[in-house]
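Asker: Okay, structure incoming, though there's no sequence with it:
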Ligand code: HEM
């Protein structure tokens, strides 16, 4: 890639070698150029490196203990109910389902990460520590969210980014001086990226600063947990200095909203186009128990085997995070080839997921291929489907995301079924950024089941 050596891997055994067996020689991510201009993105867990990464990851892992996730069920459920309550009045109408998904997942992660209900699903609900939900707070939060969405859509790994990024691929030494000049020239992409990042960092620093001064540490959100760890000195204050806290909390919002929203929309879209799958899924959900019984964490894991298959198959069909980017820390041999220190090694999860060797007829949506009794499932390589990545650096939010997805789908299908809107393109058009997105959103028609 320009002058940067880059290897792309799309074989499960090699992914295992890179992600697990030789992890100690390939522990970090390669940093795409747009990120190297943004300390806010660089200081999150995703891009921190070596010893700092492992200290941060170990501290953060405690938020994802099963007991903590179980405690989040009522909060998640209440946001899901609020976000979907208007669907009753949309019966037989087309709704922009992907917008609803993004609002829902942003509200859920906002509550879990910041202790702030952004209230995108319900505008009256904005409340933070030390505030009582005035209108000005609403404006501040929605401004923040808009900045966040703008910043997400700017992150691209391809050549459609700023001039300094393209230049950096060809003549790396010129990238930084050019960026410094271009970011001062209004309307260049470098200027826009810099301005957005500065605004976002400023906003986040305010939130973190306010929370550090607020003595109430009883909240169970992610930010409070890190502040508690910092104050009790179980981790060094240098590891979680305010700028790292802002970055890692923001990263949760970024990593946890668009990915989960895309996955939710793609599942509902795919099920809507496959009546035989819908029928089986509705039967499983209806047979679980009374329609107001909220599933426990245990039930979510054990009592919905077909739902599990549907989620896996949808994540295979549309792999939201199609590339995982790593970098060698020393010379290392992979698959018999010697890769020099500093080589970028990208795992092509999306390509893996469409390999007919592991998934016969890969373009057919067939959840039954994940039935534990199916021959295909028994013969498949264990790392053929890794939408959450692999090894010690795999997605930290996997269980959180699956819990949220299952709760939402169970709640939705108890009340509604969905059909494709006639105004949607077919096949669905996708947009490739750092993560996959729908070019024109997902529009669905709502059908009342009860
Ligand atoms: C369907 C939803 C999601 C998908 C498909 C997804 C996918 C991924 C993937 C592929 C990676 C890279 C893993 C690797 O390098 O092997 C990753 C990393 C990460 N994800 Fe997720 N993710 C999702 C939801 C979430 C949520 C809800 C959160 C936060 C609550 C989150 C936080 C993170 C973080 C912090 C990392 C970096 C981990 C590290 O470098 O140690 N993700 N995710």
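Answerer: That came in fine, so what should we check first? Remember, predicted model here, so these are calculated numbers, not experimental data.
Asker: is it true that residue 251 lies in a helix?
Answerer: Yes: using DSSP: H, G, I helix; E, B strand; the rest coil, the assignment for residue 251 is a helix.
Asker: Just give me the neighbour total for the residue lying closest to it once chain neighbours are set aside.
Answerer: Spatial nearest neighbour of residue 251, excluding adjacent residues (Cβ to Cβ, 6 or more residues apart in numbering): residue 44 at 3.2 Å. Just so you know, the C-beta spots here come from the backbone N, C-alpha and C atoms, and that holds for glycine as well. Residue 44 has 21 neighbours, counted by other Cβ atoms under 10 Å.
Asker: who's in contact with residue 44?
Answerer: Under the criterion of Cβ atoms under 8 Å, 6 or more residues apart in numbering, the neighbours of residue 44 are 247, 248, 250, 251, 254, 255.
Asker: Quick one: residues contacting the residue nearest to residue 424 when sequence neighbours are not counted.
Answerer: Taking Cβ to Cβ, 6+ apart, and ignoring the residues beside it in sequence, residue 424 has residue 443 as its nearest neighbour in space, at 5.1 Å. Contacts here follow Cβ under 8 Å, 6+ apart; on that basis residue 443 touches 94, 95, 96, 97, 420, 421, 423, 424.
Asker: Scan these and report the most crowded one.
Answerer: Counting neighbours by other Cβ under 10 Å, residue 97 comes out on top of the contacts of residue 443 with 25 neighbours.
Asker: you'd agree that residue is up against residue 445?
Answerer: No: contact status for residue 97 versus residue 445: not in contact, 9.7 Å apart, counting by Cβ atoms under 8 Å.
Asker: before we move on, back to that, what is the residue nearest to residue 424 paired to in the beta sheet?
Answerer: residue 96 (DSSP bridges).
Asker: Residue numbers of the stretch 201-350 of the chain in contact with the ligand?
Answerer: Near the ligand, the residues belonging to the stretch 201-350 of the chain are 251, 252, 255, 256, 259, 260, 263, 320, 321, 324 when assessed by Cβ under 6 Å from any ligand atom.
Asker: Which ones among the residues you listed map onto helices?
Answerer: Cross-referencing those against helices under DSSP state H gives 251, 252, 255, 256, 259, 260, 263.
Asker: Make CSV from the residues you listed and add pLDDT and neighbour count to it.
Answerer: Written out in CSV, the entries for those read as follows (pLDDT from 0 to 100; neighbours: other Cβ atoms under 10 Å):
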residue, pLDDT, neighbour count
251, 82, 21
252, 83, 24
255, 83, 21
256, 85, 24
259, 92, 21
260, 96, 25
263, 97, 25
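Asker: on that earlier part again, which of the contacts of residue 443 sits closest to residue 334?
Answerer: Proximity to residue 334 was ranked across those by Cβ to Cβ; first place goes to residue 97, at 41.1 Å.
Asker: Need the pLDDT of that closest one.
Answerer: The predicted local confidence for residue 97 comes out at a pLDDT of 93.
Asker: ok, so what distance separates it from residue 260?
Answerer: Remark: distance between residue 97 and residue 260 (Cβ to Cβ, to the nearest Å) = 14 Å.
Asker: quick one: low-confidence parts of the protein?
Answerer: Within the chain, the stretches falling below the threshold (pLDDT under 70) are 32-40, 123-175, 179, 189, 193, 196-197, 200, 216-218, 233-236.
Asker: which residues in it form strands?
Answerer: Secondary structure of the chain (DSSP state E): strands at 6-9, 94-96, 324-327, 332-334, 337-339, 344-347, 416-420, 430-432, 436-438, 443-448.
Asker: Output the ones you listed in JSON lines; the columns should cover distance to residue 230.
Answerer: Converted to JSON lines, the strands of the chain look like this (distance: least, Cβ to Cβ, whole Å):
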{"stretch": "strand 6-9", "distance to residue 230": "37"}
{"stretch": "strand 94-96", "distance to residue 230": "41"}
{"stretch": "strand 324-327", "distance to residue 230": "29"}
{"stretch": "strand 332-334", "distance to residue 230": "35"}
{"stretch": "strand 337-339", "distance to residue 230": "38"}
{"stretch": "strand 344-347", "distance to residue 230": "33"}
{"stretch": "strand 416-420", "distance to residue 230": "44"}
{"stretch": "strand 430-432", "distance to residue 230": "38"}
{"stretch": "strand 436-438", "distance to residue 230": "35"}
{"stretch": "strand 443-448", "distance to residue 230": "44"}
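Asker: Out of those, which gets nearest to residue 62?
Answerer: Judging the strands of the chain by Cβ to Cβ, what sits closest to residue 62 is strand 324-327, at 24.1 Å.
Asker: Give me the buried positions along the closest one.
Answerer: Within strand 324-327, the residues that qualify as buried are 324, 325, 326, 327, counting by 16 or more other Cβ atoms under 10 Å.
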